[in-house]
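**Q** Sequence and computational prediction follow.
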Amino acid sequence: MKYITTIDDKQYTVDVINERHVSVNGKIIEVDFHTVSGQPVYSMISNGKSYEAYVYPEDKDWQVLLHGRLYQATVEDEREQRIRLAAGAGTAQGGEFHLKAPMPGLVVAIPVEEGQAVKKGEVLVILESMKMQNELKSPRDGVVQRIKVQPGESVDQRASLLSVV
């Protein structure tokens, strides 16, 4: 089965060949992919490089924290995509986006203010977890509506940090 994955407005066709091989846009990659102790932490070795990612399901997409950067990913199989396109549905860019903590941590900084216009990719919150500072960025252009945390505050995983409309 092929999956269409959208990250930062780029589409990737992912075909899971077997447990050790996937094809991404036609390029076959050898992978070793495991969950860590049943947590939302995944370890992957690909082409001799080791990666650790935090993966959290959302309503219709996934949040993936990799190398200190938060990605929003939408994954659908070929059948789901054909049905969605036939129905004329697209990716919703409107409405309110709630930035949630991908892991427990300490809010180090919030370089934005309520009412501030932000661009896609702009840092909204810096969250420290496991001695690493992670920049949580806006997945789209918008305006910061409500900031729900303050610097120095500890937050739980999935805690709502702020919203962008």
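**A** In hand now; what should we look at?
**Q** what's the domain layout of the chain?
**A** As assigned by automatic domain parsing, the chain contains the domains 2-86, 97-164.
**Q** low-scoring stretches of the protein, by residue?
**A** The chain contains residues with pLDDT under 70 at 79, 81-94.
**Q** residue boundaries of the helices in this structure?
**A** Taking DSSP state H as the criterion, the chain contains helices spanning 78-86.
**Q** Find the one among the domains of the chain with the highest mean neighbour count.
**A** Burial of the domains of the chain is given as mean neighbour count (mean count of other C-beta atoms under 10 Å); domain 97-164 ranks first at a mean of 16. For every residue, glycine as well, the C-beta is placed using N, CA and C.
**Q** And that one, end to end?
**A** One end of domain 97-164 sits 5 Å from the other (C-alpha to C-alpha, to the nearest Å).
**Q** do the same with stretch 120-134
**A** Start-to-end, stretch 120-134 (C-alpha to C-alpha) is 17 Å.
**Q** same deal with stretch 115-123?
**A** When the termini of stretch 115-123 are compared using C-alpha to C-alpha, they are 15 Å apart.
**Q** Need the contact partners of that stretch.
**A** Residues from elsewhere that reach stretch 115-123 (C-beta atoms under 8 Å, 6 or more residues apart in numbering): 111-112, 124, 135-144, 164.
**Q** give the contact list for K2.
**A** T13, V14, D15, D77, E78.
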